[in-house]
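S.K.: For reference, the sequence and a predicted model appear below.
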Amino acid sequence: MKIKTQFTCTNCTYKTLKWLGCCPECKEWETFEELKSSASSQPATKTFKAGAIQSTRAAQMVPLNQVQSATKARMLSGISEWDRVMGGGIMPSSLLVLTGDPGIGKSTLLLQVCNALAQNYRVYYFSTEESLQQVKQRASRIECMSDNLFFSDQPALDVILATAEQEKPDILIIDSIQNCFIPGAQSLPGSIGQLRESTFQLMRLAKENGITIILTGHITKEGVIAGPKALEHMVDAVFYLQGEDRWHTRVLRSVKNRFGTINELGFFEMDHNGLQEVPNINAQLLSEASHAPGSVLVSVMEGSRPFLLEIQALTIETKMTMPQRVISGLDHKEVVLIAAILEKYLHIKLSSHDIFVKVSGGFKIKSSATDLGIALALLSSYFQQPLPEQSIAIGELSLTGQIKPVNQINAFVKEAEKFGIKQLLVARNQKLDSTKIERKAFQNVFELLSLFKE
Ligand code: TYD
Ligand code: MG
């Protein structure tokens, strides 16, 4: 019998015929071990013969109109920032992942959400990282001691699965999946191999038993959930909890959601009583905006929600041979391009100026609807004249210097109306629902000069 030698990575179960120092899949070093197997024990390639089909059970095919539609109600926690990011509450029987840096507040947020959900659902919380004493300490601090919320510090996956199958809770939490282990598995706990296997088994548990499962996971140094997006494609939804140090704000963001929009943002503030919702983030953003030369308000869509943000620009004659362009929160090339358009058509010498541009609140904007805002911020700083008070700029810019209309403007305008914005700066041919906000329209960049005195 021919003996075939294979090597397998003990971290992620990647297989290769030659020994390798570094695993090409998970990039771990010295993880390959020899795996001997006889050629005959390899699974035979399946060939379908007419006779063989009889022994296999055939699937029963049905037209869709005979499938009962499952219209289960979404699970609402009443914490509206959370519920919105979930896509209007959690979809029952789904498998969700909540991830973020260690210490960002994942366990705190989950505990608060579970406590709220426990009013209507039975919740089983497996704390694989912290002891029950530690969990209790946190729970009593933030007053989350519901009778319908049950805890265990059991980290073995088979025990967790057996408990869930037997007792069928509505919601199962594993905090964190990296600390959960599969007894007897070849790979290490927390390795990609184990994570994949555990997630696969949990997905089956969720779908077969109608249990909603939330897993937490840390982000690795490379900024991904434990390995190269190992979990993201296997689960129904992935949420990131991120820190905005400047405001002590935590942002919950949906990066994948089979049952809702992605990039939906929820805002929380960490205080001594856990995470508190920040229901009106636009009010906070606007209160920080200044009416000064170089400042302009724009609006961008994140998920299903419009945000009102301030772009700040500073242009100053350069002292160097190469002018500087320091840009944060916006696409570097986009800003350079807009500066070039302004220079070309308005004959202003931006190429001999250093340009600094940033977005307030540490936001990162990727939307062409802010082109007009960037152009106006640059002009406003260049001429050292502020833009009209309480105005907002929404429009695209073409390479030929034309101002173009944008989609979804009505959502932006409605939000702007709520906050008492008085003037819209938009494209001449922008279609718009009726609004009480005054409109100032421009066809091309040349007309923008009318906003500034000679
Ligand atoms: P935690 O939820 O344990 O983070 P994670 O699960 O993401 O690792 O939160 C840890 C931090 O939050 C910790 O530094 C203490 C702080 N914290 C508060 O400031 N207030 C509170 O009420 C709680 C419970 C935690
Ligand atoms: Mg934790």
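M.R.: Looks like it came in fine. Numbering: from 1, shown residues only. Ligands and ions are numbered 1, 2, ... in the order given.
S.K.: What's the local residue count around the residue in the stretch 151-300 of the chain positioned nearest to ligand 1?
M.R.: Here the stretch 151-300 of the chain gets closest to ligand 1 at one residue, Gly274, 4.1 Å apart by Cβ to the nearest ligand atom. For glycine as for every other residue, the C-beta is placed from the backbone atoms N, C-alpha and C. The local packing of Gly274 (other Cβ atoms under 10 Å) involves 20 other residues.
S.K.: pretty sure it contacts Arg141?
M.R.: Yes - taking contact to mean Cβ atoms under 8 Å, the distance of 7.5 Å between Gly274 and Arg141 places them in contact.
S.K.: Please name the residues that touch the residue nearest to the residue of the stretch 151-300 of the chain closest to ligand 1 when sequence neighbours are not counted.
M.R.: Across the structure, with Cβ to Cβ, 6 or more residues apart in numbering as the measure, the residue nearest Gly274 apart from its sequence neighbours is Ile142 (3.6 Å). If you count contacts by Cβ atoms under 8 Å, 6 or more residues apart in numbering, Ile142 has them with 108, 111-112, 273-274.
S.K.: In JSON lines: those residues, plus distance to Ile311, pLDDT and secondary structure.
M.R.: JSON lines is the format used below for the contacts of Ile142 (distance: Cβ to Cβ, whole Å; pLDDT from 0 to 100; DSSP: H, G, I helix; E, B strand; the rest coil):
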{"residue": "Thr108", "distance to Ile311": "33", "pLDDT": "95", "secondary structure": "helix"}
{"residue": "Leu111", "distance to Ile311": "38", "pLDDT": "96", "secondary structure": "helix"}
{"residue": "Gln112", "distance to Ile311": "34", "pLDDT": "96", "secondary structure": "helix"}
{"residue": "Asn273", "distance to Ile311": "35", "pLDDT": "90", "secondary structure": "coil"}
{"residue": "Gly274", "distance to Ile311": "34", "pLDDT": "92", "secondary structure": "strand"}
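S.K.: Give me the buried subset of those residues.
M.R.: 108, 111-112, 274 (16 or more other Cβ atoms under 10 Å).
S.K.: Quick one: name the residues of the stretch 201-350 of the chain near ligand 1.
M.R.: Taking Cβ under 6 Å from any ligand atom as the measure of proximity, the stretch 201-350 of the chain contacts ligand 1 at 270, 272-274.
S.K.: helices or strands next to the lengthiest strand in the chain in the packing?
M.R.: What stands out as the longest strand in the chain, according to DSSP state E, is strand 305-317. With contacts defined as 3 or more Cβ pairs under 8 Å, 6 or more residues apart in numbering; DSSP states H and E, the packing partners of strand 305-317 are helix 281-288, strand 295-302, strand 353-359, helix 371-382, helix 409-418.
S.K.: ranking those by burial, who's on top?
M.R.: Between the helices and strands packed on strand 305-317, the one whose residues have the most neighbours on average, counting mean count of other Cβ atoms under 10 Å, is helix 371-382 (a mean of 26).
S.K.: then it to PDB, C-alphas only?
M.R.: C-alpha atoms of helix 371-382 as PDB (Å, rounded to 0.1, in the frame of the first residue of the first chain):
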ATOM      1  CA  ASP A 371     -17.600  67.400  -3.400                       C
ATOM      2  CA  LEU A 372     -19.400  70.800  -3.300                       C
ATOM      3  CA  GLY A 373     -18.800  71.100   0.400                       C
ATOM      4  CA  ILE A 374     -15.000  70.400   0.000                       C
ATOM      5  CA  ALA A 375     -14.800  73.000  -2.800                       C
ATOM      6  CA  LEU A 376     -16.600  75.600  -0.600                       C
ATOM      7  CA  ALA A 377     -14.500  74.800   2.400                       C
ATOM      8  CA  LEU A 378     -11.300  75.400   0.400                       C
ATOM      9  CA  LEU A 379     -12.700  78.600  -1.200                       C
ATOM     10  CA  SER A 380     -13.900  79.900   2.200                       C
ATOM     11  CA  SER A 381     -10.500  79.400   3.700                       C
ATOM     12  CA  TYR A 382      -8.700  80.800   0.700                       C
END
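S.K.: in the helix or strand just after it, what's buried?
M.R.: Sequence-wise, the next helix or strand downstream of helix 371-382 (DSSP states H and E) is strand 391-393. Taking 16+ other Cβ under 10 Å as the neighbour-count basis, strand 391-393 is seen to contain the buried residues 391-393.
S.K.: Likewise for stretch 167-184?
M.R.: Burial within stretch 167-184, assessed by neighbour count using 16+ other Cβ under 10 Å, is assigned to 169-182.
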